[in-house]
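Peer 1: Here you go, sequence then predicted model.
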Amino acid sequence: MKRTLFTVAACLIGASAFGQQKVVKIVKSELQGATPNFGELRTQIKSALEHPETANSAEAWFVAGEVESKAYDAESVKQMFGQNDVNEEVMNTALDASTAFLLKSDELDQLPNAKGKIKSKFRKKIKGILQANRKGYLNAGSYFYEKENYVKAYDNFKFYGDIPTLPMFEGDKTMKNDLATDSNEVKFRYYAGVAASLIPDHDKAIAIYDQIKDFGVNSLDIYKQLASEQVQKGDSVAFEQTLRAGVVRFPTETYFLLNIINIKVNNDRSDEAIEYLNKAIEADPNNSQFLDVLGLVYEKKNDIPQAIVSIEKALAVDPNNAEALSHLGRMYYNRGVEKRTESGDISDKKKYDAAKKEFEDDFKTAAPYFEKAYDLNPEDSDAVFALRNIYYQLQDNANYDKWDKIFSEK
């Protein structure tokens with residue numbers, strides 16, 4: 001009795017497997033019709049992909065990919081002939097879906113048989129489909145990008161570039177993906193990086209930007225985006241390495257140098273920051289911004305005399321550098337505040353009067369710098385605050401009232 005039941009069960013399993021193989025054949029046949037019902041065919045082939053007896057069938061996966069590819073073709077042909085009923089969502093979603101099915105089919109198709117031999121049945125067809133559809137992945141990437149589906153946009157832009165690198169195309173001279181000579185290949189790869197940034201997936205974006213950063217297309221922007229992704233990921237070591245490379249590659253671009261300086265100053269490495277800045281100034285002596293930043297680094301080191309010298313040089317190069325004007329005003333102002341505080345402990349009148357003259361001279365020196373900085377940048381609230389306090393200390397009521405009114409309106 002038990003043996004009979006076992007035999008029946010085995011027959012049922014065999015029939016089920018045969019049924020799924022039959023489904024694959026039916027779907028394959030239906031695809032040859034003039035108007036396949038893609039929705040119904042998807043449902044049918046899905047059962048074969050999920051059934052244990054056909055889940056590892058290269059043919060089942062190929063047919064699933066073919067269903068999607070032909071669904072894509074149906075809409076693509078409409079688009080080619082300028083028809084108004086093109087369903088872009090159906091078209092691009094079908095192309096996107098076909099990818100995984102075709103790659104899985106190829107993977108299974110390359111497995112050795114019981115004798116250890118590989119007898120490929122579908123690779124040639126898969127290659128033909130991917131070659132024919134390759135440009136469609138750019139359109140799909142653009143479509144998903146516009147729909148703000150950045151995961152799908154990334155997948156499709158990236159797969160466009162990945163197709164020639166697939167094992168099935170090894171040695172195929174008709175499929176090229178030469179980033180070194182083809183600017184379009186770099187540009188399309190860049191789109192994948194932008195989409196990855198927007199997901200956001202920092203690892204994917206970093207991998208793309210790092211791959212294409214030195215091929216001359218949007219290189220400056222790519223280096224900056226690579227650095228930005230590394231910051232967002234929290235990889236300070238890689239960030240500094242990119243900045244160092246950026247300084248060498250783009251010596252006149254301030255972004256890389258100033259970020260390196262910021263890192264070094266924040267990590268109490270001001271001497272290294274000064275060394276970097278001096279090299280930059282030697283290469284570009286008329287860069288007012290570099291001279292101003294050098295002054296700020298000296299200020300950080302509490303070397304105020306040298307800081308003042310550096311910022312005065314910055315203003316000699318560019319008298320209208322609003323930031324340098326405000327920075328220099330602040331240094332004189334802060335020095336005056338320190339001297340005024342110290343003078344509070346002086347009891348001797350002559351010594352106090354001498355000290356008072358010194359801090360008032362610093363306030364008087366600071367005022368014109370702040371006033372010009374404010375004229376150039378009325379949003380400089382630090383200048384307004386300082387001028388109000390300066391004229392209060394100097395007992396200049398008219399100017400105090402002027403700046404107090406401006407201060408109140410801020």
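Peer 2: Alright, I've got the coordinates.
Peer 1: now Leu376, nearest residue through space, not along the chain?
Peer 2: Distances taken as C-beta to C-beta, 6 or more residues apart in numbering put Ala322 closest to Leu376, at 3.9 Å, once the chain neighbours are dropped. C-beta: built from backbone N, CA, C; applies to glycine.
Peer 1: Wait, that neighbour touches Asp382, no?
Peer 2: No: Ala322 is beyond contact range of Asp382, at 11.3 Å (criterion: C-beta atoms under 8 Å).
Peer 1: For Tyr190, what is the enclosing helix or strand?
Peer 2: helix 183-198 (DSSP states H and E).
Peer 1: State the mean pLDDT of that helix.
Peer 2: Mean per-residue pLDDT for helix 183-198: 96.
Peer 1: can I have it written out in CSV, keeping just the CAs?
Peer 2: In CSV, the C-alpha atoms belonging to helix 183-198 read as follows (Å, rounded to 0.1, in the frame of the first residue of the first chain):
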residue,chain,number,x,y,z
SER,A,183,33.1,61.0,-23.7
ASN,A,184,29.5,59.8,-24.1
GLU,A,185,30.2,56.6,-22.2
VAL,A,186,31.6,58.8,-19.4
LYS,A,187,28.7,61.1,-19.5
PHE,A,188,26.1,58.3,-19.3
ARG,A,189,28.0,56.7,-16.4
TYR,A,190,27.9,60.1,-14.7
TYR,A,191,24.1,60.1,-14.9
ALA,A,192,24.2,56.9,-13.0
GLY,A,193,26.3,58.6,-10.3
VAL,A,194,23.9,61.5,-10.1
ALA,A,195,21.0,59.2,-9.7
ALA,A,196,22.8,57.2,-7.0
SER,A,197,23.5,60.5,-5.1
LEU,A,198,19.8,61.3,-5.1
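Peer 1: Show me which residues of it are buried.
Peer 2: Neighbour-count burial for helix 183-198, counted by 16 or more other C-beta atoms under 10 Å, picks out 185-186, 188-197.
Peer 1: next one: stretch 265-276
Peer 2: Across stretch 265-276, burial judged by 16+ other C-beta under 10 Å covers 265, 270, 272-274, 276.
Peer 1: now, which of these lie within helices?
Peer 2: Secondary structure from DSSP state H places 265, 270, 272-274, 276 of these in helices.
Peer 1: between those residues, which is closest to Ala71?
Peer 2: Relative to Ala71, the closest of these is Tyr276; by C-beta to C-beta it sits at 57.4 Å.
Peer 1: you'd agree that closest one is up against Asn259?
Peer 2: No: taking C-beta under 8 Å as the definition, Tyr276 is not a contact partner of Asn259, at 10.9 Å.
Peer 1: quick one, what contacts Ala386?
Peer 2: The neighbours of Ala386, taking C-beta atoms under 8 Å, 6 or more residues apart in numbering as the test, are 329-330, 333, 366, 370.
Peer 1: same thing with Ser120?
Peer 2: Ser120 makes contact with 109-110, according to C-beta under 8 Å, 6+ apart.
Peer 1: mind checking how far it is from Gln110?
Peer 2: Look at Ser120 and Gln110: by C-beta to C-beta, to the nearest Å, they are 7 Å apart.
Peer 1: thinking again about what came up before, other SSEs contacting the helix or strand just after the helix holding Tyr190?
Peer 2: As assigned by DSSP H and E, the chain's next helix or strand after helix 183-198 is helix 202-212. With contacts taken as 3 or more C-beta pairs under 8 Å, 6 or more residues apart in numbering; DSSP states H and E, helix 202-212 sits against helix 183-198, helix 219-233.
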